[in-house]
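> Kindly return the folded structure for what I paste below:
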Amino acid sequence: MKTRFKPKYNIRKGDQVVVITGDDKDLKKPRLVKDVLVEEGKVIVEGVNIITKHTKPSAQNTKGGIIKKEAPINISNVMLWDGKQGAKVKREEKDGKKIRISKKSGGVI
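The predicted model follows:
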């Protein structure tokens, strides 16, 4: 993603999100965000977009074999979980700190 300014996302590492599109779509099951790749606009979500990687034996991995791991998905395919449901988020400043507020319930995330 080539942009002049670094994009700002409402999703951070450690947040609960629901996957809203794709093979792993489930609007009722919140999942944990493992990592946010800001430059690419992608997130790695626990248990989503599992790929199998075939590895040769090496010094670190003497056996080699098949490894299953999560691949990144686009950040637009996930929605923050506010405790009861997926929610759009707005940002407000309170006491000099920016907080995330759910647009549906009005609660702080």
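
> going forward, measure contacts between C-alpha atoms and count neighbours the same way
Noted.

> where along this structure do the helices fall?
When assigned using DSSP state H, the chain turns out to have no helices.

> what's the lengthiest strand in it packed up against?
If you go by DSSP state E, the chain has its longest strand at strand 26-37. Taking 3 or more Cα pairs under 8 Å, 6 or more residues apart in numbering; DSSP states H and E as contact, the helices and strands that strand 26-37 lies on are strand 16-19, strand 42-45.

> Which pLDDT does the model give Thr3?
With respect to pLDDT, Thr3 has a value of 66.

> so where do the strands sit in this structure?
Taking DSSP E as the criterion, the chain contains strands spanning 16-19, 26-37, 42-45, 50-55, 65-70, 73-74, 78-80, 89-94, 97-102.

> Tyr9: which of those strands is closest?
strand 26-37 (9.3 Å; Cα to Cα).

> buried stuff in that closest one?
Buried positions in strand 26-37, judged by neighbour count with 16 or more other Cα atoms under 10 Å: Leu27, Pro30, Arg31, Leu32, Val33, Lys34, Asp35, Val36.

> Understood, closing this out.
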